[in-house]
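> Just need the structure, nothing else, for what follows:
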Amino acid sequence: MSRLASTALAATGLAGGYATGRATKKRPLAAVVLGAAGVGSFLIWKKDAGTGKAVALICAYVGGFGASHPLAKKIGAWPAVNSVTAGVALLSLIIGGSKKPKGDLS
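Next up is the predicted model:
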């Protein structure tokens, strides 16, 4: 269940942050949405997948945010946001899950 929660939270942060900024014309408010969702996602990833994977996923989250800006110049704002959101969500689903207990070889 946490894998889906962290994925939904990360997707909400990226797409919702952009939507908030666009609707309100207030970039600081968009940054609050992006940051709060990123922190929440990181904490869930850390608990479920471990620190290393959580750091990798938050790097993808922040990197996706950064990559969406130049990508938007080529394909448009919403397509860029949707693309990076889908990429981060997919990564979250793949590696953001439960860590195996130590000694479990299965």
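
> how deep is residue 59 tucked in, by neighbour count?
Look at residue 59: counted by other C-beta atoms under 10 Å, it has 10 neighbours. C-betas here are computed from N, CA, C, even on glycine.

> That one: which element?
helix 51-75 (DSSP states H and E).

> Distance from that helix to the middle of the chain?
Centroid separation for helix 51-75 versus its chain: 8 Å, with C-alpha atoms, centre = their mean, to the nearest Å.

> State the mean pLDDT of the next helix or strand after it.
Later in the chain than helix 51-75, the nearest helix or strand by DSSP H and E is helix 77-95. The pLDDT scores in helix 77-95 average 97.

> chain center to helix 77-95: distance?
Offset of helix 77-95 from its chain centre (C-alpha atoms, centre = their mean): 7 Å.

> Repeat that for stretch 19-28.
Counting by C-alpha atoms, centre = their mean, stretch 19-28 comes out at 18 Å from the chain centroid.

> so what's the residue nearest the centre of the chain up against?
Taking C-alpha atoms, centre = their mean, the centroid of the chain lies closest to residue 10, which sits 3.3 Å from it. Taking C-beta atoms under 8 Å, 6 or more residues apart in numbering, we find residue 10 in contact with 37-38, 41, 57, 61, 88-89, 92.

> cool, and residue 42?
54, 57-58, 61.

> Take the contacts of residue 10 and write them to a markdown table, including neighbour count.
Below are the contacts of residue 10 laid out as a markdown table (neighbours: other C-beta atoms under 10 Å):
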| residue | neighbour count |
| --- | --- |
| 37 | 22 |
| 38 | 20 |
| 41 | 27 |
| 57 | 26 |
| 61 | 26 |
| 88 | 25 |
| 89 | 19 |
| 92 | 27 |
